[in-house]
Structures are given as structure tokens and as C-alpha cells.
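Colleague: Return a 3D structure for these sequence lines:
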Amino acid sequence: MHLDITGIRAQYPAFSDDSVWLDAPAGTQMPQGVIDAISGAYQAGIGNLHGAFPASARSDAIVADARQAVADLVGGEPDGVVFGPNMTTLTYRFAATLAKTWRPGDEIVLSTIDHDANLRPWAQAAEAAGVRVRYAELEVPSGELPADQYRHLVGPRTRLVAVTAASNILGTMPDLPRIADIARASGALLFVDGVHATPHMPVDMVALGADFWATSAYKWNAPHVGAIVAAPALLAALDPDKLLPSPDEGPERFETGTLPLADLAGVRAAVDYLAGLDPRATGTRRERLLASMAAVRAYEQAELEHLLAGLAALPAVRRIGSPARSTATVYFTVDGHTPGEVAQYLATRKINVWYGHSYCWEATGALGIRDQGSAVRVGVYHYNNRSDIDRLLAALGELH
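Modeller: Residues are numbered from 1 along each chain as shown. Next up, the predicted model:
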């Protein structure tokens, strides 16, 4: 691994207050370069899109650059990048669009490991269309999502399979290529929630078999912007509801209202930041992203091992799930304390963590913990250092 963690951390103004930021699964902090890009867009002056004056041309360039940046990040094409306020809103948008092609007797396959944003929009659209919903089940207590069960769930009437690339509470990373092969054999589309996975690994959505890849920029150092990426030809075959005067071609057909232009300048800057994490990486931005995110993956996995060993040494801590392949995300309870009490105690130590179901409604129900406040979630991100983890472990060790 080739990450300069000290240099990386020095780029974050938010780190000046000595807090430990282990809340990245809910959103990351922004480096100064991203903040400057957003501020710079406003300082230069921006206008609405496709106008005749320079400020409008600047906005057009910002959007084009952001589409290219997200395409580079996930291995897509810029003309296939659709922006929106967040992944949930965009998924509802695509669920309504795809459901226009569904007929009674058709089926879709969802999973109980998923964030509700990749479950409820599809289930509600299916109910409205008279389409059957089948579920791939989370394995308890391991937290795995066995891929072979899809062979019995996907059939000739399956129109869509929606699944996460990584659980945002357990970190579990399902076998996407295997699931994609099963879906493709039946002609079903694969919609992948890549929100939690994208910040923690090099992504090649085509190699993983995704027809759609969803990501949220605020999970990888950018502002609150969502994106869904698909092949341009696939987008062209869809018929979203839209205003009559809005564009009839390209990703703009799916984008309702004016985009957050300055925030999109931050999106491009964040991708550039990620591409520069490994100082030894060379080549195109896409090539540098693959190298840098591979270094991120290696670094975070090493820190995860240290975290898990430390938690295992604490008799009162109970880890939820034990996936064989995961992001550096840990979900746990502490004997004698509710998850909320643990999070509040850690906050007094300036350690930021989340607790609760984190919108994994079906998963926490299947695990039998939802009614008890679910669990505490800790997420290691590439800007965390060993001291952050040791401060967490020390604080948990002193909790009585």
C-alpha cells in the first residue's frame, strides 16, 4: 500500500478539532481541494445550462466534467451518468421508469441485505404494476448473501435483479459477477447499489456485470449528489416521465430540474482527489483511480484486521455478522448498553460513530436486532489512522 495517511489527513479542515471520524458509512468529510472547487465555481460565476453567455458555458463544462469524472470512477461512459439529489430519489425515478415495461406475471428479485433505498422503491413499483417480488435472503448469523440462491429465484419472467455491492452495516460484499451471470442468463437487468462499495474499492461496473450502478458522492468526499450510471444505449431505450420542453436525449432526460452546479464542480474535484491518493499511480485518471482505490482497499483491510482483533479482545463487545469478504465496516453491540448509549458515550470522547438500523430495515429485522435499537456501526475510511482505531478501542474498554 502506498498511502501517505499523514498527508491525506492534512487536507481536511474538519480534522482540526481532534475528533475521530469513524462515521464515514453515513457520509465523509471533504478535503480542502473539494471545498475550493465548490467555492471557486461560485466565485467565477455560474449560470443555468446551455445559454449564450460565459457563465452558462462554465456551467455546461462543470456538468460535462462531472459526468466524465463519475464515469472514470466506476468504469462507465459519461453519456450514461445521470445525476440527482441522492441515490434514493434516483432509484425511485428509475423504478417508476422501468416498471412501465413490466406486466402482470413478471417478477423482480430483491434482497434482504439491502439498504431500503434499493428495496422499497422496487417493491412499491412492483406492487403498482402487479409484479411478483421474490427475495434473496440474508444468511444469519454470518451476514452473507449466498449467490447460488439466485439460481432458484431468477427465471424467464424475471425483469430485474436489484442487489447491493456492499452492505452499509455489515460490509458484506456479495458475489456480483455470479449474480450477474444468473440474471443475464434469464435476460434480467441488474441494478447494483454501489453507494457503500464505491468509496472502498476499485470499481469496474462492466466487469462486475451491472447494468445500472448507483453511487452517492457524499460517501466519497464530495457534496450531497447522487448518480446512477448505465450504458447510454440502455438509457436511450427507457421512457422516463419528464417535462415536455426538457431534453429528449441523453442523461438529461432523467434529471428533473436544475442540477446543483457548484456541487458538481466538487464532484469532479473529489474524483481527482481519489485518483491522486496513490502518489505512484500514473496514466489516465481512470488508471490512477484503479491504482489508488486498490491501495485504499489494501490499507482499509489492514486497519479492519486491527480493529477486529481489538474488538475481539473486549469481552462485552458482540460483532453482528462475520462476512468473509467485506468493506472495513463493523456492526456491534456492547453488553449492558443500548447502541444509542454507546454512541452517546463515544461522542463524549470525541469519537463519531452511528447506531441504529441505518435504513437496513429488512436486514436488521432478519438479524433479530431491529427492535432492540439494532447496533453500533464503525466505518474505517482511508483518512482514518491507527490512532483513531486505538482511541475507539480504548474508549470501549473503559465503558462500564
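Colleague: Distance of the nearest residue to R349 once chain neighbours are set aside relative to A117?
Modeller: Excluding the flanking residues, the one nearest R349 by C-beta to C-beta, 6 or more residues apart in numbering is A395, at 4.6 Å. Using the backbone N, CA and C atoms, a C-beta is placed for each residue, glycine as well. For A395, the distance to A117 equals 31 Å [C-beta to C-beta, to the nearest Å].
Colleague: Between the two, tell me which one has more neighbours.
Modeller: Using other C-beta atoms under 10 Å as the criterion, A395 and A117 rank with A117 on top: 23 against 17.
Colleague: residue contacts, the nearest residue to D114 once chain neighbours are set aside?
Modeller: Leaving out its chain neighbours, the residue that sits closest to D114 by C-beta to C-beta, 6+ apart is T164, at 4.8 Å. Contacts for T164 (C-beta atoms under 8 Å, 6 or more residues apart in numbering) come out as 111, 113-115, 118, 174, 192-197.
Colleague: got it, and A52?
Modeller: Not one residue lies near A52 by C-beta under 8 Å, 6+ apart.
Colleague: do the same with A375
Modeller: A375 makes contacts with 169, 320, 331-333, 339, 355, 364, 369, as judged by C-beta under 8 Å, 6+ apart.
Colleague: Hmm, Y345 and the residue nearest to R349 touching each other?
Modeller: Yes. The criterion here is C-beta atoms under 8 Å, and A395 meets it with Y345 at 7.5 Å.
Colleague: Give the residue spans of the protein that score low on pLDDT.
Modeller: Applying pLDDT under 70 to the chain flags the ranges 1.
Colleague: helices or strands up against the one helix or strand E287 maps to?
Modeller: Using DSSP states H and E, E287 maps to helix 285-312. Applying 3 or more C-beta pairs under 8 Å, 6 or more residues apart in numbering; DSSP states H and E, one finds that helix 285-312 makes contact with helix 54-74, helix 261-275, strand 317-319, strand 329-334, helix 386-397.
Colleague: mind checking which helix or strand D181 is in?
Modeller: helix 176-185.
Colleague: now for whichever helix or strand comes after that helix, which elements pack on it?
Modeller: Stepping forward along the backbone from helix 176-185, the first helix or strand reached (DSSP H and E) is strand 189-193. Other helices and strands packing on strand 189-193, by 3+ C-beta pairs under 8 Å, 6+ apart, are helix 87-99, strand 158-164, helix 176-185, strand 212-216.
Colleague: what angle do strand 189-193 and helix 176-185 make?
Modeller: On the basis of axes from the mean of the first three to the mean of the last three C-alpha atoms, to 10 degrees, strand 189-193 is oriented at 150 degrees to helix 176-185.
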